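>>> A structural model of the following input is requested.
(chains A and B)
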Amino acid sequence: MEEGRAERRRRTEAPSHTQGGTRRAGVMTDVHRRFLQLLMTHGVLEEWDVRRLQNHCYRVHDRTAAVEELEDFINNINSVLESLYIEIKKGATEDDGRPVYALVNLATTSVSKMASDFAENELDLFRKALELIIDSETGFASSTNILNLVDQLKGKKMRKKEAEQVLQKFVQNKWLIEKEGEFTLHSRAILEMEQYIRETYPDAVKICNICHSLLIQGQSCETCGIRMHLPCVAKYFQSNSEPRCPHCNDYWPHEIPEVFDPEKEREASTSKANRKSLRSRQH
Amino acid sequence: MSEQSKDVCDLISAAEASSSEAHRSPGGPGEPSPSASQAATLAGPESRPSGPTDGSLASPPPQASSEEGDPKALQQATEGGRAHQAPTAAQPAPAPPAPAQLVQKAHELMWYVLVKDQKRMIIWFPDMVKDVIGSYKKWCRSILRRTSLILARVFGLHLRLTSLHTMEFSLVKALEPEELDRVALSNRMPMTGLLLMILSLIYVKGRGARESAVWNVLRILGLRPWKKHSTFGDVRRLITEEFVRQNYLKYQRVPHVEPPEYEFFWGSRASREITKMQIMEFLARVFKKDPQAWPSRYREALEEARALREADPTAYCPRSSVSED
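Presented below is the predicted three-dimensional model:
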């Protein structure tokens, strides 16, 4: 069939066509294509899953080739995706700095990714929760405060009981995280919606002083008010016995978390509960 | 793409008629309620050009009604810098848009299709027109063609019109049938495992599996129709509604039986994505037996594998696809 032949030709085709870019475009092979398909299927993945996925794709399509270093592998794919305004974005969980990856659309500036999953009033509930989270000091919004806004929702009337279930749906779909009755953004939401959030709430939004990305949870200097992500704090003050604010040089008053170590993580996967104690909210 | 282009022409005229219907009724298979598609419109600047540029019939009434104020202003504010807004006029017979705009629409459509597929939702042509193509309906064919090209080249996926009658598209993997590589990644495993159990039961029986038989099997996994499970939630709803909606299973009443009983069959999606050999390998793993312990089924699986190989010799590799996890 015409389509099949054309497709097979394209499969082995070498450099891809980038629009108006002088940057060297990457080469797409079936390894990359399968990787992209599966990454898209899963939405968001942690780094160790991504490595397994990469190895799996090599095993399926090209057993003889050496597995490319993950960062180069992803940059290679991204150079092809660039002209399509999509990107494999790398982020980190805000509480313990675990690297996560997601395929995001750079052209969209809205919560549109969620739009097809949820009804109008549910989307509005998310927006209300999002606003509360962004405005909060700690990056968390309490369940009570969110539920109190149920009357202001657009669309069909929603009861508080219903809203509780919708919030759980958000947690299951990895848009929100719940901790002790309070909600914050999942790293997936941060990765996918950072642009939207920065454009929609330019005044309320908080930025990390170190990495300059969106900040929801983190530590702040009590003197000058600058903020940093917990993993950014960990990296910046690593093996520094006298941590000082990078902005005003005042003594940094909070507990310095440990840098995320994937090796230690794998060994200590059963004692994960212990690491949770480091993740106290420091404001 | 030539067959598809002709179909697309038919689709466009059919879509004109039905897109106005789509708002009033909940619409076709798997389509979310009108409020959900409203949400899609208010949420996404990329889903249509808003305001003055969208003068055509594709603009649905809901946009005018409840979404005023905040989100609309939001949309327009964020669209300020978007290049494709300016040149496209609001006249009913617009001049051909610049190639760059068509390319951008193709990119938007690509993402739309990918997300729909990720959510295992139906990709319905009238939705595509309403949510993405909008006023560029006249250039629908070239937009679709470009989107298909990109999807094939970059993702190895075919955007295929699976049913002209229901105007449904689906994303078909153009690579070899290794669908169970989803199993390789733990977070999908439970769902796939459950589905595979049911599919393999149906397959081994050689005909539909009665609901009672399925529950007997699931009982071994500790799943009951009335009990909520920590991972699966409401199992009964999952297998009789969710898997059916995703076309992995068919759930039908057994004819001429009182009191009413129901049985499961393979859905069209399962037939497309999962090969018999994969089922045999799954069974072999679960029961720790050789696939040949089910001789007639194994023979069928071999037949199917041979047919697939002959259809596309470069694509199919006989290898265990139920990968270790």
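>>> which parts of the chain are helices?
I went with chain A, as the question did not name one. A:2-11, A:30-42, A:47-61, A:70-81, A:112-115, A:120-135, A:143-147, A:160-172, A:187-200, A:230-236, A:262-267, A:272-276 (DSSP state H).
>>> wait, I meant chain B there
Under DSSP H, chain B gives helices at B:2-24, B:34-43, B:70-78, B:99-118, B:125-128, B:140-150, B:189-205, B:211-220, B:235-237, B:243-245, B:268-273, B:276-287, B:295-311.
>>> verify the contact between residue B:264 and residue B:249 for me.
Yes: under the criterion of CB atoms under 8 Å, residue B:264 makes contact with residue B:249 at 5.4 Å. (Each C-beta comes from the backbone N, C-alpha and C, glycine too.)
>>> okay, and the common contacts of the two?
By CB atoms under 8 Å, 6 or more residues apart in numbering or on different chains, residue B:264 and residue B:249 have these common neighbours: B:198, B:239.
>>> what sits against residue 264?
Unless you meant another one, I'm taking chain A. No contacts exist for residue A:264 under CB under 8 Å, 6+ apart.
>>> nope, chain B please
Contacts of residue B:264 (CB under 8 Å, 6+ apart): B:198, B:202, B:208-211, B:214, B:239, B:249-251.
>>> closest to residue B:300 among the residues you listed?
residue B:202 (13.0 Å; CB to CB).
>>> need the pLDDT of that closest one.
Residue B:202 is assigned 89 on the pLDDT scale.
>>> what's the closest non-adjacent residue to it?
Using CB to CB, 6 or more residues apart in numbering or on different chains and skipping the chain neighbours, the partner closest in space to residue B:202 is residue B:209 (4.5 Å).
>>> tell me what the one you found is bridged to.
Under DSSP bridges, the beta-bridge partners of residue B:209 are residue B:264.
>>> hmm, back to that, mean pLDDT and distance to residue B:142 for the helices of chain A - can I get that in a markdown table?
As requested, those are exported to a markdown table (pLDDT from 0 to 100; distance: least, CB to CB, whole Å):
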| stretch | mean pLDDT | distance to residue B:142 |
| --- | --- | --- |
| helix A:2-11 | 46 | 16 |
| helix A:30-42 | 89 | 24 |
| helix A:47-61 | 88 | 31 |
| helix A:70-81 | 92 | 22 |
| helix A:112-115 | 61 | 24 |
| helix A:120-135 | 91 | 32 |
| helix A:143-147 | 94 | 45 |
| helix A:160-172 | 89 | 38 |
| helix A:187-200 | 87 | 29 |
| helix A:230-236 | 92 | 46 |
| helix A:262-267 | 70 | 47 |
| helix A:272-276 | 47 | 52 |
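>>> same list, these, but as TSV with distance to residue B:155 please.
Shown next, in TSV, are those (distance: least, CB to CB, whole Å):
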stretch	distance to residue B:155
helix A:2-11	11
helix A:30-42	5
helix A:47-61	13
helix A:70-81	10
helix A:112-115	17
helix A:120-135	27
helix A:143-147	37
helix A:160-172	26
helix A:187-200	18
helix A:230-236	31
helix A:262-267	28
helix A:272-276	35
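>>> most tightly packed of those helices?
For the helices of chain A, average neighbour numbers computed from mean count of other CB atoms under 10 Å in any protein chain shown are highest in helix A:112-115, which has a mean of 24.
>>> wait, doesn't residue A:89 sit right on residue A:101?
Yes: counting by CB under 8 Å, residue A:101 is a contact partner of residue A:89 at 7.0 Å.
>>> please say which of these two ends up with more neighbours.
residue A:101 (22 against 18; other CB atoms under 10 Å in any protein chain shown).
>>> list the contacts for that one?
Residue A:101 touches A:39, A:44-47, A:50, A:74, A:88-91, counting by CB under 8 Å, 6+ apart.
>>> ok, now how distant is it from residue A:78?
11 Å (CB to CB, to the nearest Å).
>>> quick one, phi psi at the closest residue in space to residue B:195 that isn't next to it in sequence?
The shortest distance from residue B:195 to any non-neighbouring residue, by CB to CB, 6+ apart, is to residue B:248 (5.7 Å). Per-residue torsions, residue B:248: phi -90, psi -30 (degrees, to the nearest 10).
>>> from chain A, how far out is residue B:248?
To chain A, residue B:248 is 14 Å away according to CB to the nearest CB, to the nearest Å.
>>> return only those of the contacts of residue A:101 found close to chain B.
When contact is defined as CB under 8 Å from any CB of the partner chain, these meet chain B at residue A:45.
>>> just name the closest of the contacts of residue A:101 to chain B, please.
Comparing the contacts of residue A:101 against chain B with CB to the nearest CB places residue A:45 closest, at 7.5 Å.
>>> what bridges to that closest one?
Applying DSSP bridges, one finds that residue A:45 bridges with residue A:101.
>>> how about the contacts made by it?
Per CB under 8 Å, 6+ apart, neighbours of residue A:45: A:39, A:53, A:100-102, B:185.
>>> tell me how many other residues crowd residue 260.
With no chain named, the answer covers chain A. Residue A:260 has 19 nearby residues by other CB under 10 Å.
>>> my bad, the chain I had in mind was chain B
Applying other CB under 10 Å, I find that residue B:260 has 7 neighbouring residues.
>>> hmm, residue B:210 and it touching each other?
No: using CB under 8 Å, residue B:260 makes no contact with residue B:210, being 11.6 Å away.
>>> break the chain into its domains for me.
All of this is about chain A. According to the TED database, chain A is divided into the following domains: A:30-84, A:113-204.
>>> the chain in question should be chain B.
As assigned by the TED database, chain B contains the domains B:100-173, B:179-309.
>>> where does chain B dip in pLDDT?
Across chain B, the ranges flagged by pLDDT under 70 are B:1-94, B:174-191, B:230-232, B:312-325.
>>> I'd like the distance between residue A:227 and chain B.
25 Å.
>>> count the residues that sit near the residue in the stretch 51-200 of chain B positioned nearest to chain A.
At 3.4 Å from chain A, residue B:156 is the closest residue in the stretch 51-200 of chain B, using CB to the nearest CB. Applying other CB under 10 Å, we find 23 residues neighbouring residue B:156.
>>> so it touches residue A:37, yeah?
Yes: between residue B:156 and residue A:37 there is a contact under CB under 8 Å: 6.4 Å.
>>> residue A:36 contacts residue A:103, doesn't it?
Yes: Residue A:36 lies in contact with residue A:103 (CB under 8 Å); the separation is 7.0 Å.
>>> tally of neighbours for the residue nearest to residue B:195?
Other residues close to residue B:248 by other CB under 10 Å number 25.
>>> for it, give its distance to residue B:267.
For residue B:248, the distance to residue B:267 equals 5 Å [CB to CB].
>>> got it, and residue B:150?
28 Å.
>>> residue A:203 too?
From residue A:203 to residue B:267 the distance is 50 Å (CB to CB).
>>> which one of the two has more residues nearby?
In terms of neighbours (other CB under 10 Å), residue B:267 is the more surrounded of residue A:203 and residue B:267; the figures are 20 against 5.
>>> which ones are touching that one?
Applying CB under 8 Å, 6+ apart, the residues near residue B:267 are B:243-244, B:246-250.
>>> repeat that for 10 Å
By CB atoms under 10 Å, 6 or more residues apart in numbering or on different chains, residue B:267 lies in contact with B:195, B:199, B:243-251, B:273.
>>> what do you get for residue B:239?
B:194-195, B:197-198, B:211, B:214-215, B:218, B:223, B:225, B:232, B:248-249, B:251, B:264.
>>> how close does it get to residue B:246?
Residue B:239 is 11 Å from residue B:246, by CB to CB.
>>> report the set of residues contacting both of the two.
residue B:195.
>>> first-to-last residue distance for stretch A:237-253?
12 Å (CA to CA, to the nearest Å).
>>> mean confidence for that stretch?
Rounded mean pLDDT across stretch A:237-253 is 89.
>>> nothing else from me, thank you.
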